[in-house]
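Undergrad: Sharing a model prediction with you, sequence too.
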Amino acid sequence: MSVQTRLTRIWYEGAPGQALLSPLAWAYGRVVRARLEAYRSGARVARRAARPVIIVGNLTVGGTGKTPMVAWLAWQLGALGRKVGIASRGYGRSAPGARIVDASADWRSVGDEPVLLQRRTGVPVVVATERMAAVQGVIAQGAEVILCDDGLQHLRLARDFELVVIDGARGLGNGRLLPAGPLREPPQRVASVDAVVINGEPKAGLLAQLAGLGAPSPLIMRMVPSALEPVRGPDGRQVGAGAAWWGRRLEDLRGMRVHAVAGIGNPERFFALLRAHGLQIIPHAFADHHPFSARDLDLPGTLPILMTEKDAVRCAAFANERLGFVPVTAQLSAADAQTLLVEVSARCAKV
């Protein structure tokens with residue numbers, strides 16, 4: 001069992017081990033609270049960009065659905081006439097300095113999520129180790145509103161709107177700070193953000209917990225899958241475009257047996273999506289941002305191999321007719337969408 005699997009069981013399933021990690025969590029908490037207080041008191045001052053900055057981040061480690069949320073905001077603000085750009089650190093990238101991301105960029109140089117976001121939205125995307133450098137790079141590309149993919153804990157960058165995405169099934173886990181729990185900051189941090197978006201059906205007690213912490217009224221986001229697409233090769237060519245299952249929706253494949261591959265923060269969310277649509281899956285979970293090799297996907301038989309869109313970015317070098325991905329799009333109710341867009345637009349207009 002991997003370290004990440006052990007920690008996940010401690011954080012979300014109540015497995016033993018939390019007490020052993022509590023001293024480390026206590027020390028980590030002191031550092032986090034000291035940083036928060038330093039910025040709140042003015043002892044440390046955040047740098048402000050020349051354009052409005054919207055942070056879309058997590059309180060917990062692992063995937064919650066923030067990347068689809070960033071894409072949704074980019075589309076919606078663009079439809080309102082705003083010139084949007086996306087700034088990111090580009091997790092795990094190897095190239096130094098600031099880089100403008102294009103659809104054909106090597107994910108190893110800029111990160112998988114920035115490539116995915118550029119392909120999905122078409123807006124300027126810039127990555128840099130220093131977030132302010134990424135923001136300035138996006139502004140140089142003509143952006144009027146900056147969306148930061150992650151960065152809630154990067155307090156050196158001043159922000160005009162903070163949005164936290166929470167996994168509805170996992171919630172805040174056991175409510176403990178790292179490494180005894182999944183929290184990057186104390187749970188009370190939700191009281192100071194501008195919006196809370198829950199990805200999926202909230203688990204029992206989550207809404208009451210958030211209300212007790214003083215969080216804004218949560219908005220509900222759901223992931224809506226669209227037609228399957230084949231993994232594209234490095235040149236953008238659809239290697240497996242001729243296979244019978246590509247271009248079909250999940251509901252049309254009910255009963256089909258497939259390999260399901262997920263190298264994301266919460267692989268079970270992807271597996272649950274496929275099961276909910278009636279597919280019979282053979283699950284293969286990998287660590288978040290796993291650098292896939294052809295051997296990883298040399299799976300037995302001739303069954304199709306379905307993965308997330310983020311995973312597909314990392315599999316271009318060995319695309320074949322068995323490899324495909326399930327695009328998902330964030331969806332909010334009309335009322336929740338209006339609430340969020342009105343609040344974001346109002347805050348940006350003040351800058």
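TA: Nice, I can see it. Numbers count the residues shown, from 1 in each chain.
Undergrad: quick one: the helices in the protein?
TA: Using DSSP state H, the helices of the chain run over 3-13, 18-41, 66-79, 107-110, 112-121, 131-140, 206-212, 267-276, 309-313, 334-349.
Undergrad: residues of the third one that come out buried?
TA: In other words, helix 66-79. Lys66, Thr67, Pro68, Met69, Val70, Ala71, Trp72, Leu73, Ala74, Trp75, Gln76, Leu77 (16 or more other Cβ atoms under 10 Å). C-beta coordinates here come from the backbone N, C-alpha and C atoms, glycine included.
Undergrad: so what's Ile220 closest to, chain neighbours aside?
TA: In space, Ile220 comes closest to Ile198 once its chain neighbours are excluded; the distance is 5.5 Å by Cβ to Cβ, 6 or more residues apart in numbering.
Undergrad: what's across from the one you found in the sheet?
TA: Ile166, Ile220 (DSSP bridges).
Undergrad: Repeat that for Val326.
TA: Counting by DSSP bridges, the residues bridging with Val326 are Thr308.
Undergrad: ok, it - contacts?
TA: Residues counted as contacts of Val326 (Cβ atoms under 8 Å, 6 or more residues apart in numbering) are Pro225, Ser226, Leu228, Leu250, Phe270, Leu273, Leu274, Leu306, Met307, Thr308, Glu309.
Undergrad: Okay, it and Gln136: tell me how far apart.
TA: Distance of Val326 to Gln136, given as Cβ to Cβ, to the nearest Å: 35 Å.
Undergrad: Where does pLDDT dip in this structure?
TA: Applying pLDDT under 70 to the chain picks out residues 1, 235-242, 350-351.
Undergrad: Strands along the stretch 101-250 of the chain, start to end?
TA: Shown for the stretch 101-250 of the chain, the strands assigned by DSSP state E, counting those that start in this stretch span residues 125-127, 145-149, 161-167, 195-199, 219-225, 229-230.
Undergrad: Run the chain-centre distance for the fourth one.
TA: The one in question is strand 195-199. 12 Å (Cα atoms, centre = their mean, to the nearest Å).
Undergrad: May I have that strand exported as PDB, CA atoms only?
TA: C-alpha atoms of strand 195-199 as PDB (Å, rounded to 0.1, in the frame of the first residue of the first chain):
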ATOM      1  CA  ALA A 195     -17.600  31.700  -2.500                       C
ATOM      2  CA  VAL A 196     -17.700  28.000  -1.800                       C
ATOM      3  CA  VAL A 197     -18.500  25.600  -4.600                       C
ATOM      4  CA  ILE A 198     -19.200  21.900  -3.800                       C
ATOM      5  CA  ASN A 199     -18.400  19.400  -6.500                       C
END
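Undergrad: Would you reformat the helices of the chain as TSV and include distance to Asp288?
TA: Formatted as TSV, the helices of the chain follow (distance: least, Cβ to Cβ, whole Å):
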stretch	distance to Asp288
helix 3-13	8
helix 18-41	20
helix 66-79	12
helix 107-110	14
helix 112-121	10
helix 131-140	20
helix 206-212	22
helix 267-276	9
helix 309-313	9
helix 334-349	26
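Undergrad: Ok, which of the strands of the stretch 101-250 of the chain comes nearest Leu24?
TA: For Leu24, the closest of those is strand 161-167, at 23.4 Å, according to Cβ to Cβ.
Undergrad: tell me what that closest one is packed against?
TA: If you count contacts as 3 or more Cβ pairs under 8 Å, 6 or more residues apart in numbering; DSSP states H and E, strand 161-167 packs onto strand 53-57, helix 66-79, strand 195-199, helix 334-349.
Undergrad: Any idea how far it is from the middle of the chain?
TA: Taking Cα atoms, centre = their mean, one finds the center of strand 161-167 at 10 Å from the center of the full chain.
Undergrad: next one: stretch 62-82
TA: The chain centre lies 11 Å from the centre of stretch 62-82; the measure is Cα atoms, centre = their mean.
Undergrad: Ok, stretch 167-186 next?
TA: 16 Å.
Undergrad: Need the CA coordinates for that stretch. PDB is fine.
TA: Extracted C-alpha coordinates of stretch 167-186, given in PDB (Å, rounded to 0.1, in the frame of the first residue of the first chain):
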ATOM      1  CA  ASP A 167     -15.300  17.600  -3.100                       C
ATOM      2  CA  GLY A 168     -18.900  16.800  -2.100                       C
ATOM      3  CA  ALA A 169     -18.200  13.100  -1.300                       C
ATOM      4  CA  ARG A 170     -15.000  13.800   0.700                       C
ATOM      5  CA  GLY A 171     -15.800  17.200   2.300                       C
ATOM      6  CA  LEU A 172     -13.100  18.300   4.700                       C
ATOM      7  CA  GLY A 173     -12.100  14.800   5.600                       C
ATOM      8  CA  ASN A 174     -11.400  14.400   9.300                       C
ATOM      9  CA  GLY A 175     -11.000  18.100   9.700                       C
ATOM     10  CA  ARG A 176      -7.400  17.900  10.600                       C
ATOM     11  CA  LEU A 177      -4.400  19.700   9.200                       C
ATOM     12  CA  LEU A 178      -1.600  18.000   7.200                       C
ATOM     13  CA  PRO A 179      -0.400  15.400   7.600                       C
ATOM     14  CA  ALA A 180      -2.900  14.100  10.200                       C
ATOM     15  CA  GLY A 181      -5.700  15.200   7.800                       C
ATOM     16  CA  PRO A 182      -6.100  16.600   4.300                       C
ATOM     17  CA  LEU A 183      -6.400  20.300   5.200                       C
ATOM     18  CA  ARG A 184      -3.900  22.800   4.000                       C
ATOM     19  CA  GLU A 185      -5.400  25.500   6.300                       C
ATOM     20  CA  PRO A 186      -7.600  25.400   9.300                       C
END
